[in-house]
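K.L.:
Need a 3D model of the following:
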Amino acid sequence: MPAIEIRDLVKSFNGLRAVDYLNLSIEGGQIFGLLGPNGAGKTTTIRMLTGLLKPDSGTIKVLSKENWTWKGLMGYIPEEANLYEHLTVYEHLYFVGKLRGVEDLDNRVDYLLEFMNLNDKSDEMVSTLSRGMKQKVAIACATVHEPKVLIGDEPLMGLDPKSQRAVRNLMKSYADKGGVALVSTHILDVAERFCDRVAIISRGSILAKGNLEDLKKKSRSGERATLEDVFLKLTEGERE
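P.N.:
Below you'll find the model as predicted:
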């Protein structure tokens, strides 16, 4: 049974089709990338998955659940961190953990502060942090309840290479336990380093999906082709 299953998903804004009968099935145990240029429909799809937008039509199932009953099993990292800036970093994580009903919350918060290298910022107000630090707090908040499904919309924006590696290790830990991490991005070298499999979305529908070798075959690219090479070749006709 797929961890995420999307069937015939449609969403329009002011008569313009942002997501166009999109179909996608994602098995657990992997980091999955949703790739596409700006305006391809990635963020709209992510927002419907997380319940922030209602589809015009189509169905979404996450862990076999429908109608957003899965939301308690999901963690979401938005592109722009929306945090309570009047709290300290520690207070913020503790507050979100309380809302999520996390058991042994003290130890969980301490673990995330250490894992995300936020210990020296734990008593600082969120409002004083840099964008990268705020993103690390957002990632810690999204994972405080150890979700089965972790979804990130450009989750690495503003992060240094060390922090990016920590996030990948975090996502890999969910995949290793049979969960799934879904990452939406237009930065192809990040996707190539992070993801086990990817889907390329253009004009609101899926052009191709699979691992890099699958996509090389589909695009008739050479053995040395990068994900960027494959992406540009597959989307060339779409851009025209």
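
K.L.:
Helices of the chain, start to end?
P.N.:
42-49, 89-99, 105-115, 131-143, 161-176, 188-194, 212-219, 227-239 (DSSP state H).

K.L.:
what bridges to the spatially most central residue of the chain?
P.N.:
The chain has residue 152 as the residue nearest its centroid, 2.1 Å off, counting by Cα atoms, centre = their mean. Counting by DSSP bridges, residue 152 is bridged to residue 77, residue 183.

K.L.:
I figured it hits residue 182, correct?
P.N.:
Yes - Residue 152 lies in contact with residue 182 (Cβ atoms under 8 Å); the separation is 7.2 Å. (Each C-beta comes from the backbone N, C-alpha and C, glycine too.)

K.L.:
Which phi and psi values does the closest residue in space to residue 201 that isn't next to it in sequence adopt?
P.N.:
Once flanking residues are discounted, residue 201 sits nearest to residue 36: 4.0 Å by Cβ to Cβ, 6 or more residues apart in numbering. When read as degrees, to the nearest 10, the backbone of residue 36 gives phi 170, psi 160.

K.L.:
and residue 36, what is it in contact with?
P.N.:
Each residue near residue 36 by Cβ atoms under 8 Å, 6 or more residues apart in numbering is listed here: 42, 186, 200-202.

K.L.:
can you do 10 Å?
P.N.:
42-43, 45, 184-186, 198-204, 206-207, 231, 235, 238 (Cβ atoms under 10 Å, 6 or more residues apart in numbering).

K.L.:
Just want the angle from the worst-scoring helix or strand of the chain on mean pLDDT to helix 212-219.
P.N.:
When each helix and strand of the chain is scored by mean pLDDT, DSSP states H and E, helix 227-239 comes last, with a mean of 78. Interaxial angle of helix 227-239 relative to helix 212-219 (axes from the mean of the first three to the mean of the last three Cα atoms, to 10 degrees): 40 degrees.

K.L.:
tell me which residues in helix 227-239 are buried?
P.N.:
227, 229-231, 233-235 (16 or more other Cβ atoms under 10 Å).

K.L.:
got the contact list for it?
P.N.:
Outside helix 227-239, the residues touching it (Cβ under 10 Å, 6+ apart) are 33, 35-37, 40, 186-193, 195, 198, 200-203, 205, 207-208, 211-222, 225-226.

K.L.:
ok, now with 8 Å
P.N.:
Contacts made with helix 227-239 from outside it, assessed by Cβ under 8 Å, 6+ apart, are listed as 35, 37, 188-189, 191-192, 198, 200, 202-203, 207-208, 212, 215-216, 218-221, 225.

K.L.:
Could you pull up the contacting residues of the closest residue to residue 7 other than its chain neighbours?
P.N.:
Leaving aside its sequence neighbours, residue 7 sits nearest to residue 59 (Cβ to Cβ, 6+ apart; 4.8 Å). By Cβ under 8 Å, 6+ apart, the contact set of residue 59 is 5-9, 66.
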